[in-house]
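*Asks:* Got a sequence here, can you build the structure:
(chains A, B and C)
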Amino acid sequence: MKSGKKKPSGRAMGAAVAGVDIGSIFTKVVIIDAESYDIISFSIMRSGASHENASRSATKDALRAAGMSLEDLAYVVSTGYGRSRVPFADRQITEITCHARAAKFLFPDAHTIIDIGGQDSKVIRIDAAGRVTNFVMNDRCAAGTGRFLEVMAEALEVDLGKMTELSLRATKNIEVSSVCAVFAESEVISLIASGHEKADIAAAIFRAIARRITGMVGQLGVQERVVMTGGVAKNEGVVRALEERLNVKITVPEEPQIAGALGAALLAAESLK
Amino acid sequence: MVEKKEYKLNRLETTKLIGPMVDKHWAELREAKEHGEKVAWCSGPLFIFPYAMGMKCHFMAGYAAYCAGRKAGDQVLEAAEADGELMDTCSYHRLHTGMAAAILRGRPVRKEVILPIPDLLITGRLCTEMAHYAEALYRRLKIPVVAVDIPPPRRKEDLPRLERFVVRQIKESLIPALEKVCGKEFDEEEMRRILRVLKKATTLRNQCWEFFKLKPTPWTLWDYGVSIAPVFYMMGKPETVPYYEKLLAELKERAAKKIPAILPDGEKYRLYWDAWLPWAFLGMFIRKFVSYGAVPICGRYPWEFFPHPEYIDPDADDIVKNWVELYYTKGHQAMVMMTEGALEQIMELVEEYSIDGLVMFASKTCRAWVGQREIVNEIERRLGVPGVIIEADMVDSRMVSEAQIETRLQALFETIDARRRR
Amino acid sequence: MIRGLEPFLKAVENPYKTVSEWKERTGKKVIGCYPMWLPKELVHAAGLLPVVVWRSDEPVTIGHAYVHTFNCGLTRSFVDDAVRGKLDFIDGFIIYRTCLQAQELPFILEQHVRPAYLEYLYLPAIFPGAATKDFLIEELERFKASLEEFTGKEITDGELRRSIELYNENRRMLRRFYEFRRKNLGVLRAREVMAVVWSSMLVPKEEHNTWLRELLLELEERQEELLKEPRVKGDLKVVLTGALCQTPQFEILDMIEDLGMVVVDDDLYVGSKYFANDVELDGNKRPLEALAEHYLKREPTCPTKGDWEMDWTDEIAGMVKRGGADGVISLLIKFCPPHLCYYPDIKRGLMEAGVPEVMIEVEHEIVSLEGVRTRLQSFAESLRRGA
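*Replies:* Sure thing, here's the model as predicted:
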């Protein structure tokens, strides 16, 4: 669990609104000032078995950090995989629209958004006005998702957080060709068995993810600026592999994991108007 | 406990000659336009017609083998995907739209696998997706298409009328289109010349095939696979005949000296291999086979290449008809594309070549080799020979799992062992 | 409540039951025809009951042993039905090479269903040239003779004409029905529209025509009243495209509407493609030739027919323009090669034409409808923000 409070700017405080993003693995809540769009507080916690419970406790955490109660929220937008199971939401909006909104807010010149979450990945194209013009989504297999990374880290027997560091020590260019998590896991195991360095394998895993995502990006075409959101964006190894593959610079927001919730909160603020 | 035997592949010398021959062919194709020659992209058994007109010709499935040989398959597929192709689409199709994307939109692809934009797209709709491929390329390149429907026959009584239909299309559509593009009359004499060379090459090749009947076998289906170009896209070239002469001589020598394809003393399992040869994964498969003492011996796809050279008649009155007869009333080659004809042929192969087991190579993006599961069921039932399905792809490495292949192959060999003990 | 819709909705609830009941009631033999372009008029003229085979709503079971998993839902479900004995009540089957997957079927049917009648037709790709038309007519002659042999009764030109006229009447009424839908948005639900077309593939045309006449009468009489209280309330208009050979799950259609999108038009097979063209009979032409010409029509575009010059994208874009639609929903049947090979061009073409589009992959065994919902909802949201 993680929660935090951001310092509001000196502007006048408006009503508080929240975005609640229930992902397959993590639930994220962001509370913002509906006037200034400043982030008041946020929280991140495991989604667990009940989306409803997760939404309640994550919201409670964010509210506590902000020193508020549920009644103080003027509008709540839910998003993500479990968006329909947030009992106190005023409206539910998909994570595609929310990530697009957040990316546009954070980087006004964003045109392509890559969102890699726990169980799915999406590529979203937005126009100059921030409107979604097209998107592709992979949610039918673990390929190119946070789950894929987790499984690979387990097969490698390394901490997921240390994989980037490990991959930087790669010296040989080997390949994990499969994009299917089940296939790739056995590939990784046999690479270890045949004596390959874990550093090389870690780098190969990042390239495999990059390859899958590149295929999706290709369907829409790359247009800069490319912003990456979602929990996996915190993994530098993946970001670098993608930059290399796509041959573009990728911008990652400070807290990529809460982008969906932030977008939802921004849309909540807009709903008040 | 029995000590595990160490098997080792014993490569042929002749097959080492094929690389440079093939490279020369593709280099000529790449440079054709610079020399003012006409180029056709072709699918189905029609490439002899542009060849007869002196065109340089690219052949759909041959290109896959070429890309795989240069380890460029994945890169071209990636270019296709970046151009919007979806992974479930035929890999051969994606290779071509990927190449088109490289030409049209500058998607990064290695230079040696980029072919010149053709003057004509020729599609032989033996497999329906061969038509889709031409259609998709037409939408991108806007180059004239000439298409011939080549329906695979289900029953022998269907052969004559399908043959007439194909002959008419070739005469009424394909040949006039070729004449228009090339600005000259159809060169029947050149076609006869090609057929003379092809007849020699395929006759020799058939004599080579006979050696697959030997136990132990002196060569493997993979040796044959890499030797396919001389009876395929290199047909009619004079160097194709000496190639098969050398191959035949080497096989004769091996047979006389009882030198097996795998050392120390030949194969433990003789396998039938179904469908495409796995162009991008030939090495991986043969290493696995050999480690178990198994050898792939024959298959439905290689068999498609002129099993009956005796029917090739370079002096036939109607040379077009003679060609089509190879696929219909005489050679029956088009029949392997339907379950009925395939089953009959595979049963013959299993008996004639003393096959111990079937490996059905199921490409996840290809549905052309129909009936694979039914064929395994039926051959098991009728002949008691077991089979295994391997799901992979002819080009796309993302769909290939070595661990899965390993398990299935091992299961097949265990089944064969169990039957032998009985 | 539209009473005239009831028989259609009931007919598609359980196609197995519907077809076997009609078999019993008419005493006619049932012939299962594989989609999409078989000339079913000939089967009708032979005194048989042609039905278009369908995808069941059950997951594939033992059928897995007979057909690869990477075949489309219809193929896998049809094979599963065949090996499980669910098709035993059907007297005969007619298959043609719609795509590669259909080539698997005659053998499997012969092995496992052993129908009294099985015909594999070589309907050609519609490549230009006299050879195609001549071959097609020859093939239809042979087909006619094979039906005659099966029934022991000659099919006269007069009978064939009457069958064609009956089918044309059905097509004309279905077109009128679609015209009503276009002009009275929200009155008909997408699943109802699909049920009306699908049932035409399952029940005798004579009966279907009677139902259609009554339905059209009711709709036209109650038009004003129905328009006042539209049953689908949406602020967005969409065109559906794709879904070759089979129906998507009705839940997907409902979801589209629940998210505020009204279907103005479609080019689905179980939709406007099915009844687009009449078989043109004129005084002198042999009816068989008229059937051949109907098959050779290049519009509506169908990627299974092998026509490289017709542009499917233009057709869809035209439909969007005519209906004033906000966007296009592509229903791509998982593992449908003819559609797969075309789809990237449609997507690019629509993008270039400025027509928003989203693709929904239609699987036989839907893993989760949630993913479909997220795509559709995002699409709707993007259309709204664009407005």
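
*Asks:* which residues in the stretch 101-250 of chain A form helices?
*Replies:* A:146-156, A:163-167, A:181-193, A:198-220, A:236-246 (DSSP state H, counting those that start in this stretch).

*Asks:* how about TSV for the ones you listed, with distance to chain B added?
*Replies:* Just so you know, the C-beta spots here come from the backbone N, C-alpha and C atoms, and that holds for glycine as well. Converted to TSV, those look like this (distance: least, CB to the nearest CB, whole Å):
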stretch	distance to chain B
helix A:146-156	12
helix A:163-167	20
helix A:181-193	4
helix A:198-220	3
helix A:236-246	9
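
*Asks:* and residue A:15, which of these is closest to it?
*Replies:* Residue A:15 lies closest to helix A:146-156 among the helices of the stretch 101-250 of chain A, at 33.6 Å (CB to CB).

*Asks:* From the contact counts, what lies against that closest one?
*Replies:* helix A:163-167, helix A:181-193, helix A:198-220 (3 or more CB pairs under 8 Å, 6 or more residues apart in numbering or on different chains; DSSP states H and E).

*Asks:* Tell me the helices and strands packed up against the last one.
*Replies:* The reference is to helix A:198-220. Secondary-structure packing of helix A:198-220 (3+ CB pairs under 8 Å, 6+ apart): strand A:112-116, strand A:121-126, strand A:132-138, helix A:146-156, helix A:163-167, helix A:181-193, helix A:236-246, helix B:73-82.

*Asks:* Same check on the shortest one?
*Replies:* Contact partners of helix A:163-167 among helices and strands, from 3+ CB pairs under 8 Å, 6+ apart: helix A:146-156, helix A:198-220, helix A:236-246.

*Asks:* winner for burial among the ones you listed?
*Replies:* Highest mean neighbour count of these: helix A:198-220, a mean of 23 (counted as mean count of other CB atoms under 10 Å in any protein chain shown).

*Asks:* Let me know the secondary structure of residue A:45.
*Replies:* With DSSP: H, G, I helix; E, B strand; the rest coil as the basis, residue A:45 sits in strand.

*Asks:* Next, the contact list for it, please.
*Replies:* A:1, A:2, A:26, A:27, A:54, A:57, A:58, A:61 (CB atoms under 8 Å, 6 or more residues apart in numbering or on different chains).

*Asks:* could I get the helices of the stretch 101-250 of chain A as a markdown table with distance to residue A:14 and mean pLDDT?
*Replies:* Shown next, in a markdown table, are these (distance: least, CB to CB, whole Å; pLDDT from 0 to 100):
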| stretch | distance to residue A:14 | mean pLDDT |
| --- | --- | --- |
| helix A:146-156 | 34 | 89 |
| helix A:163-167 | 39 | 90 |
| helix A:181-193 | 45 | 84 |
| helix A:198-220 | 36 | 89 |
| helix A:236-246 | 34 | 93 |
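
*Asks:* Which positions within the helix or strand residue C:225 falls within qualify as buried?
*Replies:* Secondary structure from DSSP states H and E places residue C:225 in helix C:223-228. Under the neighbour-count criterion of 16 or more other CB atoms under 10 Å in any protein chain shown, helix C:223-228 has residue C:226 buried.

*Asks:* Can you give the distance of it from its chain's centre?
*Replies:* Centre-to-centre, helix C:223-228 and its host chain are 29 Å apart (CA atoms, centre = their mean, to the nearest Å).
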